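*Asks:* Here is my input; please provide its structure:
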Amino acid sequence: MTTGGRSGLAIVGGGKIGEALLAGLVRQADASGPGPGDIVVVERSGQRAAELTDRYGVAAADLAGAAGRVRVLLLAVKPQDIDTLLGLLAPHVTADHLVVSVAAGVPTRRIEALLPAGTPVVRVMPNTPALVDEGMSVLSAGTHATESHLDEAEALLAPVGRVRRVPESQQDAVTALSGSGPAYFFYLVEAMIDAGILLGLPRTLAADLIVQTALGAAVMLRDSGEHPVQLREAVTSPGGTTIAAIRELERHGVRAALIAAIEAAHDRSVALGEDR
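*Replies:* Model prediction:
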């Protein structure tokens, strides 16, 4: 990550996703990637900056200091704050920098319009399982980002999970599926734990049962190569308990509700990209 005399990485924004990426990078640091000494955190809250520097052994800086010290600027702020941030950052950015944005819904053209001409921008949709090195990050190149810039962004994110590349036109759908996706699973697990309690199980036991079942099911989906319908049918015996449950899920429109929820997330992602 060295070009034009600069090296290293600045994470601008110390919220949940910023910290998730920071924690994973520090945890997985090796000779090929940035270690704590190569990472700078930029955070408006002095208290929050102190928490992150103490926790991860990284340095803190303001925008000007970070841009002067590092080459890669990872913008991990809320979409509603991106324009203000870019206005403050623009005087300190050159075409030698690489700007990586994880702001949900914000297209690269909007970022490029507020930065100096020719600045390479890569848009990323990560998710919070990066905290446990099981994240899903999806990359798209802006107008001035080359394959080498995508390679660099992928190398940055690979230590905290899987990375895929898509045309930017697919990013709002990615945001709805994998960006927001962990929340859907947590919501379903919460409901299943509540069902276990209703049926008389202690909360801790219900949680253990459901969490391990969710983990095992996810690994089967990932590793078996089978379609989810095949895996579901393998559990669904004629006249058994599972088909009785599936009937109730269909009767209550759970499948349609999930599809509608993901469509709503997609539409909100599009709207966030248009907010100015």
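*Asks:* how about the residue nearest to residue 135 when sequence neighbours are not counted, phi and psi?
*Replies:* Distances taken as Cβ to Cβ, 6 or more residues apart in numbering put residue 161 closest to residue 135, at 3.1 Å, once the chain neighbours are dropped. Any C-beta I mention is one placed from the backbone N, CA and C, and that applies to glycine too. The phi/psi pair for residue 161 (degrees, to the nearest 10) reads phi 150, psi -160.
*Asks:* quick check, residue 136 in a strand?
*Replies:* Yes - assessed by DSSP: H, G, I helix; E, B strand; the rest coil, residue 136 belongs to a strand.
*Asks:* The residue nearest to residue 135: what's it in contact with?
*Replies:* Each residue near residue 161 by Cβ atoms under 8 Å, 6 or more residues apart in numbering is listed here: 24, 126, 129-130, 133-137.
*Asks:* 6 Å - rerun?
*Replies:* Residue 161 sits next to 130, 134-136 when contact means Cβ atoms under 6 Å, 6 or more residues apart in numbering.
*Asks:* Filter those residues down to the buried ones, ChimeraX style.
*Replies:* In ChimeraX syntax, the buried subset of the contacts of residue 161 is picked out as below (16 or more other Cβ atoms under 10 Å):
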select :130,135,136
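*Asks:* wait, which of the contacts of residue 161 is closest to residue 237?
*Replies:* Nearest to residue 237 among the contacts of residue 161 is residue 134, at 31.6 Å by Cβ to Cβ.
*Asks:* now for the helix or strand of the chain with the lowest mean pLDDT, which elements pack on it?
*Replies:* Within the chain, no helix or strand scores below helix 16-27, which has a mean of 85 by mean pLDDT, DSSP states H and E. Applying 3 or more Cβ pairs under 6 Å, 6 or more residues apart in numbering; DSSP states H and E, one finds that helix 16-27 contacts no other helix or strand.
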